[in-house]
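>>> show me how the following folds:
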Amino acid sequence: MFNVGDKVVYPMHGAGIIEAIEEREFLGEKRRYYIMRMPIGDMRVMVPTDATGEVGLRQVMSPEDVEQVLAILRSKSTKMSSNWNRRYRANMEKIKSGDAFEVAGVVRNLIHRDKEKGLSSGEKKMLDSARQILVSELVLAQDIGEEEAEDLVDRLAAI
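The predicted structure is shown next:
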């Protein structure tokens with residue numbers, strides 16, 4: 001159970017802050033929802049309180065996890081399939097997992113691949129999405145601005 005003010009991550013959407021817990025009625029069914037404000041994009045998301053496990057809602061990463069994510073970004077890229085379709089599916093699964101370490105690995109690998117061989121338009125969109133998810137979590141985990149988090153990710157992954 002999360003509380004108002006908690007910083008959480010919603011896989012595929014990024015990190016946000018729970019602003020309220022409200023009961024709403026949809027299609028004749030009353031349910032309690034976390035109302036999250038996403039600091040990047042100024043979006044609001046409603047997540048049923050009884051479905052947090054299903055959707056993978058979790059606390060933002062700890063300071064120790066931030067250090068591990070930064071180390072992943074600094075490290076060499078891992079081997080990816082040369083088959084575009086397999087590579088895309090594997091990366092999408094990692095992003096959907098909501099695991100910050102997996103997302104950081106996807107960002108690092110796609111940035112390195114873009115420098116070496118370029119990316120297809122689909123992989124460019126995937127990189128933008130994964131990068132945004134990672135940046136949003138770093139913003140809340142480190143209490144830094146969006147631009148600073150973007151610069152950090154880009155600088156470390158480009159090494």
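>>> residue at max distance from the center of the protein?
Ranking residues of the chain by C-alpha distance from their mean position (C-alpha atoms, centre = their mean) puts G28 at the top, at 32.4 Å.
>>> could you measure it against I21, distance?
Distance, G28 to I21, by C-beta to C-beta, to the nearest Å: 21 Å. All C-beta atoms are positioned from the backbone trio N, CA, C, and that covers glycine.
>>> same question, H13
18 Å.
>>> more neighbours: these two, which one.
Legend: neighbour count by other C-beta atoms under 10 Å for H13 and I21, higher for H13 (21 against 14).
>>> which non-adjacent residue is nearest that one?
V45 (6.0 Å; C-beta to C-beta, 6 or more residues apart in numbering).
>>> got any ranges where the chain has weak pLDDT?
Within the chain, the stretches with pLDDT under 70 are 159.
>>> quick one, strands of it?
7-10, 14-26, 29-38, 43-48, 58-59 (DSSP state E).
>>> the helices in this protein, which residues?
52-55, 63-74, 84-97, 100-116, 121-142, 146-157 (DSSP state H).
>>> turn the ones you listed into a markdown table, including distance to D6 and mean neighbour count.
What follows is these, written out as a markdown table (distance: least, C-beta to C-beta, whole Å; neighbours: other C-beta atoms under 10 Å):
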| stretch | distance to D6 | mean neighbour count |
| --- | --- | --- |
| helix 52-55 | 11 | 12 |
| helix 63-74 | 16 | 15 |
| helix 84-97 | 21 | 15 |
| helix 100-116 | 16 | 20 |
| helix 121-142 | 10 | 20 |
| helix 146-157 | 19 | 17 |
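>>> okay, those helices in TSV with distance to R37 next?
Output for these, formatted as TSV (distance: least, C-beta to C-beta, whole Å):
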stretch	distance to R37
helix 52-55	17
helix 63-74	21
helix 84-97	22
helix 100-116	20
helix 121-142	11
helix 146-157	14
